[in-house]
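> Pasted the sequence and its predicted model underneath.
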Amino acid sequence: MMIHKEICVGCGRCHPYCPTSAIHFDDLKSVVDQDVCYECGSCLRADVCPVDAIEESPHVYEYPRALRKYFSDPEATHALTGMSGRGTEESKTNDVTNRCGPGEVGIAIEVGRPTIGMDLKDIQKITRALARAGIHEIEPNNPIHSMIQDPSTGDLKPELMGERVLSAIIEIAVKRDRLRHVLRTLKNVAGELDSIFCLDVITQLEPGLRVPQEVLDVIESEGLSWRPNAKINMGLGRA
């Protein structure tokens, strides 16, 4: 994002709408710190500038900076996946798509949040830890998949190391008997991260709408707490 300094009247109305405090005063005019800006577009969508001094930077869609917008702007569509959002649609409609079937679990690692954000180096720390543990099942339709240069090591493409985004999701699917191994791997790498993250464990429900007990037992035995959430689009899924 950018603010035309010659147009800005210095009212400061846009400042509270920036989730990363990238907007600040310079000679009584508002400017955007391009290193801190996540290209989320919140300041522009707020429509609070009385003189229309805010607009997208002409470089916002240039690679690799375009990743900031794709991962941070909820209205943006990923160029490679053709979808908006940080992950894939399928994890939210698993009960009709059957991506994670009986005997499997899907795991989504949600890194970063608005006002906190994250450096893509944190994603690399996780993908490297997963690769070292022999876990390479990153969902092909997930945007992170195309960002990995070497699946054997989990290394991301080097040009991405200077980019920051509000949030990103790593999605994998494994057999249920590997859940404990994945959780322990993530617990070990957690201390190396400079952002926050949470885990989603995705399963098909058993008769009676019960979450599989064997999955809950593994989560609890690893010292993690859980709470049930459902993302089911009733009637909107595939036949």
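That came through, no problem. Numbers count the residues shown, from 1 in each chain.
> Can you tell me the centre-most residue of the chain?
By Cα atoms, centre = their mean, the chain has its centre lying nearest to Ala168, at 1.4 Å.
> For the protein, which segments count as strands?
Counting by DSSP state E, the segments of the chain that form strands are 2-3, 23-26, 29-32, 54-55, 104-111, 118-119, 148-150, 155-156, 164-165, 168-175, 197-202.
> With mean pLDDT added, can I get those in JSON lines?
Formatted as JSON lines, the strands of the chain follow (pLDDT from 0 to 100):
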{"stretch": "strand 2-3", "mean pLDDT": "96"}
{"stretch": "strand 23-26", "mean pLDDT": "96"}
{"stretch": "strand 29-32", "mean pLDDT": "97"}
{"stretch": "strand 54-55", "mean pLDDT": "96"}
{"stretch": "strand 104-111", "mean pLDDT": "91"}
{"stretch": "strand 118-119", "mean pLDDT": "88"}
{"stretch": "strand 148-150", "mean pLDDT": "95"}
{"stretch": "strand 155-156", "mean pLDDT": "96"}
{"stretch": "strand 164-165", "mean pLDDT": "90"}
{"stretch": "strand 168-175", "mean pLDDT": "91"}
{"stretch": "strand 197-202", "mean pLDDT": "88"}
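> between those, which gets nearest to Ile219?
Ile219 sits nearest to strand 197-202 of all these, at 6.6 Å, using Cβ to Cβ. All C-beta spots, glycine's among them, are computed from the backbone N, C-alpha and C.
> which secondary structure elements does the closest one contact?
Counting contacts by 3 or more Cβ pairs under 8 Å, 6 or more residues apart in numbering; DSSP states H and E, strand 197-202 is packed against strand 104-111, helix 179-190.
> How about the contacts made by Asn188?
Ala129 (Cβ atoms under 8 Å, 6 or more residues apart in numbering).
> quick one: stretch 155-173 to chain centroid distance?
Stretch 155-173 has its C-alpha centroid displaced from the chain centroid by 8 Å (Cα atoms, centre = their mean, to the nearest Å).
> can I see the domain layout of this structure?
1-60, 84-221 (automatic domain parsing).
> Present those domains as a markdown table; the columns should include distance to Pro228.
Converted to a markdown table, these look like this (distance: least, Cβ to Cβ, whole Å):
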| stretch | distance to Pro228 |
| --- | --- |
| domain 1-60 | 29 |
| domain 84-221 | 6 |
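> Now the weakest link among the ones you listed, please, by mean pLDDT.
Comparing mean pLDDT across the domains of the chain, the weakest is domain 84-221, with a mean of 88.
> Around Asp26, count how many other residues there are.
Counted with other Cβ atoms under 10 Å, the neighbours of Asp26 add up to 12.
> Let's test this: what are the backbone torsions at the spatially closest residue to it that is not a sequence neighbour?
Leaving aside its chain neighbours, Asp26 sits nearest to Lys5 (7.6 Å; criterion: Cβ to Cβ, 6 or more residues apart in numbering). Note on Lys5: its backbone torsions stand at phi -60, psi -30 [degrees, to the nearest 10].
> do you know which of the strands of the chain lies nearest Pro74?
The nearest among these, by Cβ to Cβ, is strand 164-165 at 12.3 Å.
> Who are the packing partners of the closest one?
Using 3+ Cβ pairs under 8 Å, 6+ apart as the contact test, the elements touching strand 164-165 are helix 66-72, strand 118-119.
> re earlier: of the domains of the chain, which is nearest Lys69?
domain 1-60 (4.1 Å).
> returning to that earlier point: please list all residues in contact with the residue nearest to the centre of the chain.
Ala168 is in contact with 71, 86, 110-112, 118, 120, 123, 143-144, counting by Cβ under 8 Å, 6+ apart.
> Good, wrapping up.
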